[in-house]
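Enquirer: Okay, here's the prediction I keep looking at, along with the sequence it came from:
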Amino acid sequence: MCKERDCLIRGTAADGQIRFFCVSSKETVEEARRRHGTSPVMTAALGRLLSAGLMMGAMMKDEKDLLTLQIRGDGPGQGLIVSADAFGHVKGYPIEPLVLIPANSKGKLDVGGAMGNGVLSVIRDTGIGEPYSSQVNLVSGEIAEDLTYYYASSEQIPSSVALGVLMNKENTVRAAGGYIIQLMPGTDEAILDALEIRLKEASPVTTYLSDGFSPEDIIAELLGCWDINISDDRLPVSFHCNCSKERASKVLISLGQKEIREMINEKKPVELHCHFCNSNYVFSVKELEKDIFVRDPGLSSE
């Protein structure tokens, strides 16, 4: 079981006619909240997309595959960008982290209101050729409904996507996660009808998670009337950014000799910012003069 740390499970049910993914991502979303200083509604928005990214990333097969989910909207939040791989690593950021708007008509954080009208883009990069990109208009901005629509319209896969983030009173993350349940081609009509009823009767995913349910417990609750086959080992997941000062220095080098010389002549440190994890990398003038040029002798100022 994986009740004490973030993890993801995947598998099938009903003799392979149903495919599922389920993730618990409280610590992952809390790390994102801490790094970006997001307001509650933007924590909920980013947390939902991070959870979706983890599950959709787990659908990829090759170690070089990368998934990017991007939302661009006309609401005050403006949008979100999330990137995930197939190994449980995810990172992401909101375009506008501090959004304060009233709750929606149900008294919940108004993620749809924060996103507004816009577009959801799903980009898959296999490292071979151009990345594959697909776009759909946002149907609600609540993210789970938008991804359900994406699967139906762009991939023709009947899917149920549930995502949620529950906040504590002090605005830290109490629970976060979600599930994706999909019907495989040729699914028996009786199974389809029974699944539809079970999902309509299901509690919100944050209710399960805040009650201490693990991903295994949630899937058992939703699909327990059929045989369940959990694939492989449970996958630990986390907020992970692969940026570093070494990578940042390569960005500087890529600017070219003229640009770096101009930076040195200004006699001021240069700071590079990573949007995904909100980290800053500062290079002193001495580092620009010595370290950067040592890495690429062709940039020598002599």
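Expert: Nice, thanks for sending it over.

Enquirer: Would you map the helices across the stretch 201-302 of the chain?
Expert: 205-210, 215-223, 245-254, 257-265, 285-286, 293-295 (DSSP state H, counting those that start in this stretch).

Enquirer: Could I get the contacting residues of the nearest residue to Asp188 once chain neighbours are set aside?
Expert: Distances taken as C-beta to C-beta, 6 or more residues apart in numbering place Gln17 nearest to Asp188, at 6.4 Å, with adjacent residues excluded. Placement of C-beta: from N, CA and C, glycine included. Contacts for Gln17 were tallied using C-beta atoms under 8 Å, 6 or more residues apart in numbering; they are Leu183, Met184, Gly186, Thr187, Asp188, Ile191.

Enquirer: How much space separates the residue nearest in space to the middle of the chain from Gly73?
Expert: Nearest residue to the geometric centre of the chain (C-alpha atoms, centre = their mean): Leu50, 2.3 Å. Here Leu50 is placed at a distance of 17 Å from Gly73 (C-beta to C-beta, to the nearest Å).

Enquirer: circling back: can you say which of the contacts of Gln17 are buried?
Expert: Leu183, Thr187, Ile191 (16 or more other C-beta atoms under 10 Å).

Enquirer: Can you list which of the residues you listed are found in strands?
Expert: Leu183 (DSSP state E).

Enquirer: When you compare pLDDT across the buried ones among the contacts of Gln17, which one is lowest?
Expert: Within the set of the buried ones among the contacts of Gln17, pLDDT is lowest for Thr187 (89).

Enquirer: With adjacent residues omitted, what lies nearest to that one?
Expert: Gln17 (4.5 Å).

Enquirer: which residue ranges form the strands in the stretch 1-150 of the chain?
Expert: Ranges of strands within the stretch 1-150 of the chain are 7-13, 18-24, 66-73, 79-84, 89-94, 118-125, 132-137, based on DSSP state E, counting those that start in this stretch.

Enquirer: To Asp146, which of those strands lies closest?
Expert: strand 118-125 (5.0 Å; C-beta to C-beta).

Enquirer: Contacts for the closest one, please.
Expert: 56, 60, 65-75, 79, 131-138, 141, 146-147, 150, 154.

Enquirer: Now the buried members of those residues.
Expert: Using 16+ other C-beta under 10 Å, the buried ones in those are 56, 60, 65-73, 75, 79, 136, 138, 141, 146-147, 150.

Enquirer: Out of the contacts of Gln17, the closest to Gly112 would be?
Expert: For the contacts of Gln17, the nearest to Gly112 is Leu183 (25.9 Å; C-beta to C-beta).

Enquirer: ok, so what distance separates that closest one from Trp226?
Expert: Leu183 is 12 Å from Trp226, by C-beta to C-beta.

Enquirer: Ile230: neighbouring residues, count only.
Expert: 16 (other C-beta atoms under 10 Å).

Enquirer: do Glu189 as well
Expert: Glu189, neighbours per other C-beta under 10 Å, totals 7.
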